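> I'd like to go over a predicted model; first the sequence, then the structure.
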Amino acid sequence: MTPRLKTEAVPALMILASWLFVAHHWGRLPDQIPVHWGLSGTPDAFAPKVPGVFMIPAIGTMLTLTMMAWPAFAPRSSARETLLGVFQVLKVAISAFFCVLTYLVLQADVSPGHTLTMSAITTLVGILFVILGDRLPKIRPNGWLGIRTPWTLAHPEVWERTHRQMGKWFVFSGLLIVLATVSSARTQVVVLIVAVLGVSGGSLIVSISEYRKVQG
């Protein structure tokens, strides 16, 4: 097996598993399946089995294949090799995320009451945040990936400082999201929203603050 095939094996298997889950559940799926769930985990919106059942695995497949194809189109640069390593981790994380999400939703689709456990979803999101936080400090300035604000793009040191700090923010937010799974579904959603807004706003605030420090 070539090195390229080895690096693509896990995300490719995750994609395959997602579609095998669909095939396995197909005969038990009702003609109308849930496509949205309320805070209680009960469905509040339905759609026809086709194309509804294909949406989540299709999104995961497109994202993973896009990341697989990236090296063929990315220009040579000093950041390219570093990005290849980051992309490899993200490919595995994102393909696994959508694979597990596909399975959870399919299980809800065929179960009595079609209940979807909110804590399982928030746990997946929290783990993804932690993985992203771990990778952020390793991303060098580039035109593809990272916290790309006018201030991080203006100075390599601002880029490095911002990604190092926001990596910690992402990890902390991810752990907070996971810890929130022991609370009510409403609390989990609030924590998730606060975490997303926190890292979004934090990226802007930190990049401005670091730029001012660098500029003296």
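Ah, there it is.

> in this protein, which spans are strands?
32-37, 43-48 (DSSP state E).

> what stretches of this structure score poorly on pLDDT?
Scanning the chain for pLDDT under 70 picks out the ranges 1-6, 74-75, 77-79.

> what number of residues lie near the closest residue to residue 36 other than its chain neighbours?
Closest residue in space to residue 36, ignoring its immediate chain neighbours: residue 45 at 3.8 Å, by C-beta to C-beta, 6 or more residues apart in numbering. Glycine gets a C-beta too; all of them are placed from N, C-alpha and C. Per other C-beta atoms under 10 Å, the neighbour tally for residue 45 reads 9.

> ok, residue 45 to residue 52 distance?
Noted for residue 45: a distance of 10 Å to residue 52, by C-beta to C-beta, to the nearest Å.

> Need the residues touching each of these two.
Residues touching both residue 45 and residue 52 (C-beta atoms under 8 Å, 6 or more residues apart in numbering) are residue 35.

> Which residue ranges of the protein form helices?
Taking DSSP state H, the helices of the chain run over residues 3-25, 49-52, 55-73, 80-110, 118-135, 150-154, 156-179, 185-215.

> mind checking which of those is nearest residue 32?
Comparison of these against residue 32 by C-beta to C-beta identifies helix 49-52 as nearest, at 7.1 Å.

> So what's the gap between the closest one and the chain middle?
23 Å (C-alpha atoms, centre = their mean, to the nearest Å).

> Same question for stretch 35-51.
With C-alpha atoms, centre = their mean, you get 21 Å for stretch 35-51.

> Let me know whether residue 100 touches residue 125 as I believe.
No: using C-beta atoms under 8 Å as the test, residue 100 is too far from residue 125 to be in contact (11.1 Å).

> follow-up on the earlier one: quick one: residues contacting the residue nearest to residue 36.
Listed by C-beta under 8 Å, 6+ apart, the contact set of residue 45 reads 34-36.

> Could you single out the nearest of the residues you listed to residue 108?
residue 34 (6.6 Å).

> what are the bridge partners for the closest one, then?
When bridges are assigned using DSSP bridges, the partners listed for residue 34 are residue 46.

> Make residue 1 into 287 and carry on from there
With 287 as the first residue, the last one maps to residue 320.
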